[in-house]
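Participant: need a structure here:
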Amino acid sequence: FGPAEQTADNLTTYRQVCRQVGREFGLFPCFMPKPFMGVSANGCHHNISLWQNDVNMFLPESDDARLPSKTGLHAIGGVLAHLRALTAITAPTVNSYRRFADAGFWAPIFADWGFQNRTTALRVSAPGRFEYRSVDSAVNPYLSLAGLLAAMRDGLDQSLDPGPPEEGNIYEAIEAGKSVERIPATLGEALDALEADPIIRAALPGEMLDVFLHYKRDEWERFIGTVTDWDIKEYLDILP
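Facilitator: Okay, the predicted model is just below:
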């Protein structure tokens with residue numbers, strides 16, 4: 001791990017090498033986010049810290065060794081504020097949303113944060129860094145890191161407060177009355193959120209945003225225009 005560009009290069013190279021080694025051994029390394037229901041999916045959680053002059057700007061400033069610095073909290077606030085738009089980039093396929101739908105396997109669907117809390121979209125995984133968890137194995141790391149940097153910068157510019165950390169199970173907290181924004185449930189909903197968010201849109205400069213939206217809208221429209229095996233099984237002999 002290292003700077004964003006190096007880490008994106010390393011991940012991209014790893015996936016190519018992994019697939020080739022698999023071929024040589026007669027195996028199939030799979031980067032589909034959710035190939036099977038009822039078991040854990042392929043995530044690609046991003047562990048992030050911010051550095052300035054060789055100093056980790058996320059490190060705690062108080063007696064609470066778990067609590068990030070103000071810089072860290074504002075960065076987390078920025079990611080939470082833009083989480084719905086970020087989801088289009090970090091969960092970029094129709095299949096990505098199967099991962100979120102299959103509850104009970106630690107795929108976070110609520111825009112909250114906590115300490116070592118795997119039910120929230122962000123968790124402080126160690127002093128000086130946090131883990132962004134609403135991302136899967138189909139992600140383009142160059143785009144995801146660009147989007148996350150833009151969200152964190154906005155959090156710093158606006159001193160966004162992420163609110164208090166969620167100490168318990170987020171699902172139980174919501175049942176008890178806590179109000180928390182949900183991430184998009186489908187790729188189409190996520191693309192709508194991306195188009196409505198100028199901060200994350202700007203993270204994909206030039207024609208990149210237009211090309212990304214073109215191909216992803218096409219992917220979503222082809223999906224909703226397809227009759228699947230589920231449709232046939234569910235509705236073929238329907239008698240209203």
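
Participant: quick one: the helices in this protein?
Facilitator: 4-24, 70-81, 83-90, 96-101, 141-158, 170-175, 187-195, 198-201, 208-224, 229-235 (DSSP state H).

Participant: With respect to burial, which of those scores highest?
Facilitator: helix 83-90 (a mean of 26; mean count of other C-beta atoms under 10 Å). Placement of C-beta: from N, CA and C, glycine included.

Participant: Which residues does it contact?
Facilitator: Identification of contacts with helix 83-90 by C-beta atoms under 8 Å, 6 or more residues apart in numbering yields 79, 111, 121, 132, 134-136, 139-140, 143-144, 147-148, 151, 181, 183-184, 187, 190-191, 193-194, 196-197, 199-201, 204, 212, 216.

Participant: and the helices of the chain, which one is worst for confidence?
Facilitator: Least confident of the helices of the chain, judged by mean pLDDT, is helix 170-175 with a mean of 86.

Participant: hang on, the earlier thing: would you format the helices of the chain as TSV with distance to A107 included?
Facilitator: Below are these laid out as TSV (distance: least, C-beta to C-beta, whole Å):
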stretch	distance to A107
helix 4-24	19
helix 70-81	17
helix 83-90	12
helix 96-101	5
helix 141-158	16
helix 170-175	12
helix 187-195	14
helix 198-201	21
helix 208-224	20
helix 229-235	20
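
Participant: N42 is nearest to which of these?
Facilitator: helix 96-101 (7.8 Å; C-beta to C-beta).

Participant: ok, and what's touching that closest one?
Facilitator: 33-34, 37, 41-43, 91, 105, 107, 109, 134, 136, 138, 183-187, 190.

Participant: dump the residue contacts of the closest residue to H74 other than its chain neighbours.
Facilitator: Leaving aside its sequence neighbours, H74 sits nearest to G155 (C-beta to C-beta, 6 or more residues apart in numbering; 4.6 Å). If you count contacts by C-beta under 8 Å, 6+ apart, G155 has them with 74-79, 81.

Participant: now swap in K178 and tell me
Facilitator: For K178, the contact set (C-beta under 8 Å, 6+ apart) comprises 166, 170.

Participant: do the one 3 residues further on as well
Facilitator: By C-beta under 8 Å, 6+ apart, the contact set of E181 is 83-84, 110-111.

Participant: cool, F130 as well?
Facilitator: Contacts of F130 (C-beta under 8 Å, 6+ apart): 47-49, 58, 68, 72, 75-76, 113, 122-124.
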